[in-house]
Each structure stands twice: as C-alpha cells, then as structure tokens.
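[1] Let me see the structure of the following:
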Amino acid sequence: MTDFRAEAEKMRAQLISWRRDFHRHPELAFEEHRTAGIVAQHLERFGYRVRTGVAKTGVIGVLEGANPGPVVMLRFDMDALPVADETGAEYASQTPGCMHACGHDGHVAMGMGLAELLAARRGQMTGTVKLVFQPAEENGGGAREMIKEGALKEPSPDVFLSAHVWMEKPVGIVDVTAGPVMAAAEKWICTIRGRGGHGALPQLAVDPIVAAAQVVTALQTVVSRNVSPLDTAVVSGGSIHGGDAFNVIPPQVEMTGTIRTFEPSTRETVLQRLREVIEGVATACGASAELEIVPLTPPVINDAQVAEVVRQAAETVRGTECVTSGERTMGSEDAAFFMQEVPGCYFFLGAANPEKGLTAAHHNPRFDFDEEVLVTGLATLVQAAAFYLLK
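    So this is what the prediction gives:
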C-alpha cells in the first residue's frame, strides 16, 4: 500500500509555496479569477478534463482511471474574506481590505497536491476522481450556483469528500464525526414600525426603539425556554438601526440576525417562536412587526459509512491517537448543498499551534495556521480517495 504520508511530505515545500502565493493574492466571492486560472492550468498539465467558468469562477477537473468504478468528488473552496490582513507575515495579503482569514488558501493548495498525486496513479485507478474548486463559500452562494450549472453531472459523483483547516484543534489532529457537524443557517430581517414624533412628547408617538429593545430581550427565551437542553440552537441579533437624531422618535427600527440549528424539528420550533415573539412583543408595545426569514444553508450531515472510510484514512496517515470524533459547530457551510445529493464526509484538520502564536480564530485579521496541516490534510484526503479508487 502506498505511503501517502510520505508522498505528501515530499510535496511539503510546494504546498507551502502554493498556499503562500494564494495568501498574498486573495480574491473575494465570485472574483477568484487568478486562483481559478492557476488551478485550471495545473489540472490541465496533469491530464484532467477541465471545465472553467462554472458559477463564474469555479473549476472542475475530471480524471478517469484505467478501469470503471465509483466517482469520487472532492471539493476545495477558493474565496477570501473582506478582512484587512494583520498577520505581519512575510506572505501577508497584498490586496488591501481582503485576506484569506479562513484557510481556503490552504484548501486550494491541498487540492492541487491531490490532483498531482492521483494523476500519477491514473493507470491503477478503478473509478473517476472529480475535483471541484468552488467560488463563494463564505457568502453561501457558490455551491448552489455550481450545482445549478451541472457540477453534479457528467459524471455524477457517488461519494463526496471535503475538509477544513480548524483552529479549534491543535495541528496534527484530524476530527471525523458521523452525523451532523455543521448547522443550518438562516438570516432573519425584522422591521418594527411605530409612529414617529418628538422625543420630548413620547405620549404622542409609538416608539419602535422601545419595542426593539424589548424584542432583543425576549428573543433570549426562544432557545432557553423552547429548545431542549439536549438539543442545540442559536438565535443571535447582528444589527439594529433606527433613528437619526437625539430628540426624534423614529417611525421604524430595522434588525437583522441569524438562526443556527441541526435538526429540522428544532428549526421549525425556533422559526415559529421567533415570529411569535417578535410580532407579539411589537403588538404589546403598540407597534407592528414584519419578519422575513432567508434560508442560507442546510446542515452538514456526514454519512456514517463515508465517515468511517475517512476515519480509517486518517488513522492510516496519523495513527489512532491523533484521530478524534465529536466535533460539531454552529458555523455553517454550503458544502451541505452537495451533501444533500451525495453521501459524503466533511472533516476537520487541526491547525492551531500556540507555541508559534497561531491561535487566532477564523475570520480574525490575525488568522494564520500551522502549515504542517497541509501535509496532514493532503495525505488524509488522498488516502480516503484511494480507498475508493485504488483497489
């Protein structure tokens, strides 16, 4: 059996070089033209059938093995965030106000390494590998758009694999968990309407600011008093805007926030109570409320059988002592759209290293990770793919 850990180790310098180049040149959602161009050229060099411009900047590479077999799809997200880079690294972003603050630069580097390692074994492959380099994961739109443009066709995948560098775990740890691992996400938008007036004559107005304040407080009961302590949900407010002058009661206040859940039944309960609380509190204050719920992503739910294959791959690469399970997060991921259609596994690659000062959370201006994770991630991903493709 091929020692993919050793194979990935040989690529260490190249993986780091790719990752740092992408970090220097981050690109926002649906603007990943430079990144996509590098990826497409790399795939073509190694004999992949390449399709570009999928969902504007997405790239798909297909490599058929010598014999028929399963189609294994691996997805790598490419987009950066509108965050100013404060890492101070020599490879810091050269694009003002934009940086790879979530590790997608590392994901792309791992994807390119995987493409190379599998291409070298094309003659031994029983099946097909389909590599999807996705734009716009951060705003939740890229996966859905790629699916609309045929990412799950020609050929249709039998298995889906994806991984994320993860600052909640130390570098070297791989967490593989069956079942729900990332939450469904919704955005809520609320407008509370009152009657504007002079701040000195509140009795002649209906104050939407007071109503909004009561709503914020009451929303804290949606989870604490309606969701079982053995279940999980989040309701958070993200913004509240109302008024322009210190002595004027405004006619309305606008609020936005997010909802995160794992279970469909919990989601329905939370949505119902959110509406009842907002509308009821507004009415009690003499105001009215309009609520809009915008679904963003479904939950990421790992298939038990695929997760077991990934677990075996991780144990082969790192040993059983470095493989954990049970990691779940209320963060969301649009890989869920692919996984609604294809059984898959989305797993976490520990990337934090306190000794090197690499502890900043995802989406933080000082986010950076231990590049050792590139070797671990590549080896685990290619080993998992090999369990399906290299019989």
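
[2] Just the C-alpha atoms of stretch 336-350, please, in PDB.
    Presented in PDB, the C-alpha positions along stretch 336-350 are these (Å, rounded to 0.1, in the frame of the first residue of the first chain):
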ATOM      1  CA  ALA A 336     -24.200  21.000   2.600                       C
ATOM      2  CA  PHE A 337     -25.800  21.500  -0.800                       C
ATOM      3  CA  PHE A 338     -23.500  19.000  -2.400                       C
ATOM      4  CA  MET A 339     -24.100  16.600   0.600                       C
ATOM      5  CA  GLN A 340     -27.900  16.800   0.200                       C
ATOM      6  CA  GLU A 341     -27.400  15.000  -3.100                       C
ATOM      7  CA  VAL A 342     -24.300  12.800  -2.500                       C
ATOM      8  CA  PRO A 343     -23.300  10.800   0.600                       C
ATOM      9  CA  GLY A 344     -20.200  12.400   2.000                       C
ATOM     10  CA  CYS A 345     -17.900  13.400   4.800                       C
ATOM     11  CA  TYR A 346     -16.800  16.800   5.800                       C
ATOM     12  CA  PHE A 347     -14.000  16.700   8.400                       C
ATOM     13  CA  PHE A 348     -11.700  19.000  10.400                       C
ATOM     14  CA  LEU A 349      -8.000  19.300  10.300                       C
ATOM     15  CA  GLY A 350      -6.400  20.700  13.400                       C
END
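
[3] Quick check: buried residues in it?
    Within stretch 336-350, the residues scored as buried using 16 or more other CB atoms under 10 Å are 336-339, 342-350. In short, each C-beta sits where N, CA and C put it, glycine included.

[4] Of the residues you listed, which is the nearest to Val375?
    The shortest gap between Val375 and any of the buried residues of stretch 336-350 belongs to Leu349, at 10.3 Å (CB to CB).

[5] buried ones in the helix or strand hosting Val165?
    Secondary structure assignment for Val165, by DSSP states H and E: strand 159-170. By 16+ other CB under 10 Å, the buried positions in strand 159-170 come out as 159-167, 169-170.

[6] for it, what is the average pLDDT?
    Averaged across strand 159-170, pLDDT comes to 98.

[7] residues touching Ala101, list them.
    Contact analysis of Ala101 by CB atoms under 8 Å, 6 or more residues apart in numbering lists 80-81, 83, 85, 362-365, 367.

[8] do Ala284 as well
    By CB under 8 Å, 6+ apart, the neighbours of Ala284 are Gln214.

[9] Can you name the next helix or strand after the strand holding Val165?
    strand 174-175.

[10] Name every strand pairing with that next one and say which way it goes.
    The strands beside strand 174-175 in its sheet (DSSP bridges) come out as strand 323-324 (parallel), strand 344-352 (antiparallel).

[11] okay, those in a markdown table with mean pLDDT next?
    A markdown table is the format used below for the strands paired with strand 174-175 (pLDDT from 0 to 100):
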| stretch | mean pLDDT |
| --- | --- |
| strand 323-324 | 98 |
| strand 344-352 | 98 |
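
[12] Turn those strands into a markdown table, columns for distance to Pro229.
    A markdown table is the format used below for the strands paired with strand 174-175 (distance: least, CB to CB, whole Å):
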| stretch | distance to Pro229 |
| --- | --- |
| strand 323-324 | 24 |
| strand 344-352 | 25 |
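
[13] between those, which one is nearest to Arg273?
    Comparing the strands paired with strand 174-175 by their distance to Arg273 (CB to CB), the top pick is strand 344-352, with 29.1 Å.

[14] starting at the chain centroid, how far to the closest one?
    11 Å (CA atoms, centre = their mean, to the nearest Å).

[15] The residue nearest in space to the middle of the chain - nearest residue in space that isn't next to it in sequence?
    The centroid of the chain falls nearest to Glu333 when counting by CA atoms, centre = their mean (3.4 Å). Among residues not flanking Glu333 along the chain, Met182 sits closest, at 4.8 Å (CB to CB, 6 or more residues apart in numbering).

[16] swap in Glu9?
    Val375 (5.7 Å).

[17] show me the contacts for the one you found.
    By CB under 8 Å, 6+ apart, the residues touching Val375 are 5, 8-9, 11-12, 15.

[18] Tell me which of these fall in helices.
    Members of these lying in helices (criterion: DSSP state H): 5, 8-9, 12, 15.

[19] of all these, which comes closest to His23?
    Leu15 (12.4 Å).

[20] residue contacts, that closest one?
    Per CB under 8 Å, 6+ apart, neighbours of Leu15: 8, 109-110, 113, 371, 374-375, 378.

[21] where's the closest residue to Val300 other than its chain neighbours relative to Ile60, distance?
    Distance criterion CB to CB, 6+ apart; nearest residue to Val300, sequence neighbours excluded, is Met182 at 3.8 Å. Separation of Met182 from Ile60 (CB to CB, to the nearest Å): 23 Å.

[22] what's the answer for His100, then?
    From His100 over to Ile60 the distance is 22 Å, taken as CB to CB.

[23] which one of those two has more residues nearby?
    Each of His100 and Ile60 has its neighbours counted (other CB atoms under 10 Å); His100 has more, 29 against 25.

[24] didn't the more buried one look like it was pressed against His25?
    No: His100 lies out of contact with His25 (CB atoms under 8 Å); the separation is 9.3 Å.

[25] Mutual contacts of those two, please.
    In contact with both His100 and His25: Ser93, using CB under 8 Å, 6+ apart.

[26] Please name the nearest non-neighbouring residue to Pro298.
    Ala336 (4.5 Å).

[27] Does that neighbour touch Met182 like I think?
    Yes: using CB under 8 Å, Ala336 is in contact with Met182, at 7.0 Å.

[28] shared neighbours, those two?
    299-300.

[29] follow-up on the earlier one: on the three-state scheme, the residue nearest to Glu9 is what?
    When classified by DSSP: H, G, I helix; E, B strand; the rest coil, Val375 comes out as helix.

[30] Roughly how far does it sit from Glu290?
    52 Å.

[31] hmm, back to that, orientation of the strand holding Val165 relative to strand 344-352 in degrees?
    In terms of direction (axes from the mean of the first three to the mean of the last three CA atoms, to 10 degrees), strand 159-170 departs from strand 344-352 by 20 degrees.
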